[in-house]
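Trainee: got a sequence here, can you model it:
(one chain, ligands or ions: 1)
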Amino acid sequence: MNTFFFFYPHCYLKSTDKEILVYDTLNKRYVYQKKYPLLQSEKKSIQRGYLTVSDKHNDFLNRCLINDLGYYLDFENVVPFMYNRNIEFVTSLDKERKSIGYNLQSYTNSLLRDVTILLNNGKKELTVEECLQMEYPIYNNASIDIDYLLKQLSSFQFLETIILSGELKKSLLCNALEYAQKHNVHVIYRILYDSVVNTTTFELLDKYSNLSIELLVDSLSEIAQIKTIIKDKICVKAIIKTVNDVEKFKGLEDILYLPVFSLKCVNTDVLMQMILSEEEILNSTKTIKDYLLSDYINPAIYGHLTIDYDGSVLCLGNRIASIYETDLASLVNHWIGEDGCIWYETRKKKDMCRDCALQSLCPPISIYEKMGIYKCPCEI
Ligand code: SF4
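Mentor: Have a look, this model is predicted:
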């Protein structure tokens, strides 16, 4: 007689070289065991959703049973049926490259979903680092060839959103909106509140159904004035540098907070608030599909690129190449085949997180980590 312990299908399972996690994605019950290395064969069986019962695993499996994470099953000769509990890819870059030797642009083009275009910025006060965290242009007055930039996007048929970030002449903004409307693309116009020179910009919201505005406000902004312009399709993002800033925005409803750090003074009270405890990480609210995807991709940045006002293409602040050297479609096609492609940068590829079984429950690698503001979400 053999006995397996089967984990329920809604449980997310992760085993690294040092730890194991069984996490019930519906009820948030879990068994998280540190210093619990498994043999390769045991890791493989975990991937298939079971573990062979043995003295070595008695305590661990009994804890799983008590937490209602699975059940014991006895069998004689025939091994019970096991379905594939991992994500199956019908097609992938790897499969395509193996079969024809390279990736077709028609395929790689389909992966780009959102693009941020960085425009002008007349505010000298913002540092380069602050702009990076806000995905906002640095101080510049360059002439923006918006038509050329939009032409570059025309071969990306699955593009869903263009974020226009920074200052832009109203006539050029209208050109971009016309283009986007024709191609069924949503536009988010991101602008600092005190850089909105012409309030008629807000009237465009009525004319273009595909437009919404993201208003960046800081603690010096006049809250009473902001309240008068908030309406449908205007999202307010409050720049938070200290915890006290949160107080200043208390009168505004439905706002999002955007922590921004100066590299000279990183260890602020805001940063302390952003660091997650183990308990908070284990109180995650994602679906099992989200966890499984996080094993393969960085979900926060997958399908997203930034084009700077000078034509540089960036991902999480890392420069890839310029669209004035190579067209965007070729650039994407080449870049996503590279080992270092940030879209696929998961926590298991990061030294600090490699052995930790909480990888997929943690927030994905962010600009804050890339800039060294914190080492990872659980540690400063
Ligand atoms: S950030 Fe990394 S080390 Fe910290 S809990 Fe998450 S996966 Fe583990």
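Trainee: could you export the helix or strand bottoming out on mean pLDDT in the chain as CSV, CA atoms only?
Mentor: Using mean pLDDT, DSSP states H and E, the weakest-scoring helix or strand in the chain turns out to be helix 223-229, at a mean of 85. Presented in CSV, the C-alpha positions along helix 223-229 are these (Å, rounded to 0.1, in the frame of the first residue of the first chain):
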residue,chain,number,x,y,z
ILE,A,223,-6.6,71.0,-2.3
ALA,A,224,-9.7,73.2,-2.4
GLN,A,225,-8.9,74.1,-6.1
ILE,A,226,-8.2,70.5,-7.0
LYS,A,227,-11.6,69.4,-5.6
THR,A,228,-13.4,71.8,-8.0
ILE,A,229,-11.9,70.1,-11.1
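Trainee: that one packs against which elements?
Mentor: Helix 223-229 is packed against strand 211-217, with contacts defined by 3 or more Cβ pairs under 8 Å, 6 or more residues apart in numbering; DSSP states H and E. Backbone N, C-alpha and C define where each C-beta goes, glycine included.
Trainee: mind listing the strands the strand it packs on pairs with, and their directions?
Mentor: Taking DSSP bridges as the criterion, strand 211-217 sits next to strand 186-192 (parallel), strand 234-240 (parallel) in its sheet.
Trainee: following element in sequence after the last one, please.
Mentor: Translated: strand 234-240. Once the chain leaves strand 234-240, the next helix or strand it forms, by DSSP states H and E, is helix 243-248.
Trainee: domain parsing for the protein?
Mentor: The chain breaks down into these domains under automatic domain parsing: 2-75, 105-266+303-339.
Trainee: list the contacts of residue 263.
Mentor: The neighbourhood of residue 263, defined by Cβ atoms under 8 Å, 6 or more residues apart in numbering, consists of 127, 129, 371, 373.
Trainee: from the chain's centroid, how far away is the least confident helix or strand of the chain?
Mentor: Put simply, helix 223-229 sits 30 Å off its chain's centre (Cα atoms, centre = their mean, to the nearest Å).
Trainee: contacts for it next, please.
Mentor: 193, 199, 202, 215, 217, 236, 248, 249, 251, 252.
Trainee: strand partners (parallel or antiparallel) of the host helix or strand of residue 320?
Mentor: Residue 320 is part of strand 318-322 when elements are defined by DSSP H and E. Using DSSP bridges, strand 318-322 pairs in its sheet with strand 312-315 (antiparallel).
Trainee: what's the distance between the spatially most central residue of the chain and residue 363?
Mentor: Centroid-nearest residue in the chain, with Cα atoms, centre = their mean: residue 300, separated by 0.6 Å. Here residue 300 is placed at a distance of 7 Å from residue 363 (Cβ to Cβ, to the nearest Å).
Trainee: before we move on, what about residue 147?
Mentor: Residue 147 is 37 Å from residue 363, by Cβ to Cβ.
Trainee: between these two, who's got more neighbours?
Mentor: Higher neighbour count among residue 147 and residue 363: residue 363, with 18 against 12, using other Cβ atoms under 10 Å.
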